[in-house]
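sequence first, predicted model second:
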Amino acid sequence: RLSLSQVQGVGILAGSILLEGQKGGDALLTLGALGSSLLLLKYDRDQELQADRLGVKYIAKLGYNPVEALNAHEQLEIAVERYTKRLGKEQREETFLDEILSTHPRSQVRKEEIEAMIKELPLYTIVGDGKGAEVFNSQLKKIREVNKAYIIFDEAERAFKDKKISEAKEKLEKAIALNSQQPPFYNLWGNIKIKEFRYSEAEEMYNKALSIDPEYQPSLYGMGMVYFLREDYGRVINYLSRSLELFPEHYGSHFIIGRSYMGLRSYRKALKHLNIVADVIPKHPEVHGYLGICYENLGDPRSAYREYSIQVKIAPNNEIGRYAQERLYVLRIYR
């Protein structure tokens with residue numbers, strides 16, 4: 001099944017950005033709070049049944065009580081409910097955990113099917129309590145301690161999304177006091193400092209996250225943003241190239257790298273990244289205007305006219321939209 005799918009990458013997805021204006025001093029920057037991005041495969045009916053049957057078989061063979069397979073469904077449903085409430089979402093709103101459940105539909109029907117499979121199993125022997133609870137709980141002890149900090153972090157992230165910056169800071173301080181070794185905590189600090197235009201402090205926070213995990217992609221992206229706002233384009237490209245190695249489909253990184261190559265007047269390299277964004281987000285509020293600039297500087301006025309026209313249709317009133325309107329008048333002979 002997997003061989004039939006082109007799996008590009010799974011990981012942490014940083015929020016998209018919206019930049020209004022060109023200079024760091026007057027830029028209005030909104031960084032979406034971090035969320036998880038999962039690439040999920042849909043399974044057909046026969047594959048679901050096969051997976052359940054093999055799962056029950058392996059559980060029993062290893063000495064676990066196969067009835068625990070039923071409990072796993074119930075625990076996942078509880079986890080979804082708790083996580084949804086923590087994010088402040090209504091039950092009808094989808095979260096990424098709901099998407100996990102959506103790949104395993106007919107929950108009650110599947111439980112009944114699993115019960116039937118258990119009855120069909122050959123004789124099996126249960127080892128100990130059939131759950132390995134003691135070993136399992138000892139392994140989870142540290143994770144449960146870390147989770148206490150993440151419960152508070154989720155509240156900080158929610159406050160940041162709601163633009164309640166003071167509350168976000170307060171919650172974040174509490175989360176870090178419980179556990180100071182979590183990159184997402186410092187990354188959120190960095191996002192807050194970016195929003196406050198305190199770029200040096202943002203850089204410090206992103207560096208702290210990267211000192212814990214050098215491959216923490218959201219903070220590589222954050223560092224790229226800091227240097228972009230400082231117009232240090234060489235460093236932008238360095239950090240965001242690493243970001244894309246880890247997360248090839250992170251379109252925020254493609255957009256800012258493209259803008260940085262424009263700053264270095266490497267318009268052909270800029271086109272590569274900006275076209276990726278335009279292909280995936282055709283109604284992006286700025287990318288077509290920047291593509292127009294690139295084409296114009298590469299001596300291709302017809303392509304420039306086409307991109308400026310798209311920009312004006314999508315977002316005529318932002319800065320790049322107004323520039324596109326001016327250029328359309330100059331290039332009107334290429335209609």
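Nice, I can see it.

now do the lengthiest helix in the chain, average pLDDT.
As assigned by DSSP state H, the longest helix anywhere in the chain is helix 133-161. Taken as a whole, helix 133-161 has an average pLDDT of 91.

any idea where the strands of the chain begin and end?
Secondary structure of the chain (DSSP state E): strands at 11-13, 17-20, 28-31, 35-37.

isn't I118 up against P66?
Yes - with contact defined as Cβ atoms under 8 Å, I118 reaches P66; the gap is 4.9 Å. Yep, even glycine has a C-beta here, placed from its N, CA and C like the rest.

these two - which one has more neighbours?
More neighbours surround P66 than the other of I118 and P66, with 23 against 17 (other Cβ atoms under 10 Å).

pLDDT at the more buried one, what is it?
Reading off the model, P66 has pLDDT 91.

test my guess that it contacts V56.
Yes - contact status for P66 versus V56: in contact at 4.9 Å, counting by Cβ under 8 Å.

between these two, which contacts overlap?
I114, M117, I118, L121 (Cβ atoms under 8 Å, 6 or more residues apart in numbering).

could I get the residues you listed as CSV with distance to V236?
Formatted as CSV, those follow (distance: Cβ to Cβ, whole Å):
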residue, distance to V236
I114, 52
M117, 55
I118, 57
L121, 58
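
do you know how far R144 is from E68?
For R144, the distance to E68 equals 19 Å [Cβ to Cβ, to the nearest Å].

mind checking which of the shared contacts of P66 and V56 are in helices?
I114, M117, I118.

okay, now the second one: neighbour count?
Right, M117. 19.

isn't it right up against D52?
Yes - M117 is in contact with D52 according to Cβ under 8 Å; the separation is 6.4 Å.

need the residues touching each of I118 and P66.
In contact with both I118 and P66: V56, A60, using Cβ under 8 Å, 6+ apart.

K169 touches I192, doesn't it?
Yes - contact criterion Cβ under 8 Å: K169 and I192 qualify, at 6.6 Å.

these two - which one has more neighbours?
I192 (20 against 16).

gap between the more buried one and K148?
22 Å.

give me the helices and strands touching the longest helix of the chain, please.
Where contact means 3 or more Cβ pairs under 8 Å, 6 or more residues apart in numbering; DSSP states H and E, helix 133-161 is packed against helix 68-86, helix 165-178, helix 183-195.

which of those is buried the deepest?
Stretch with highest mean neighbour count among those: helix 183-195 (a mean of 24; mean count of other Cβ atoms under 10 Å).

how far off helix 133-161 does it point, in degrees?
Counting by axes from the mean of the first three to the mean of the last three Cα atoms, to 10 degrees, helix 183-195 points 0 degrees away from the direction of helix 133-161.

distance between helix 183-195 and the chain's centre?
Taking Cα atoms, centre = their mean, to the nearest Å, one finds the center of helix 183-195 at 15 Å from the center of the full chain.
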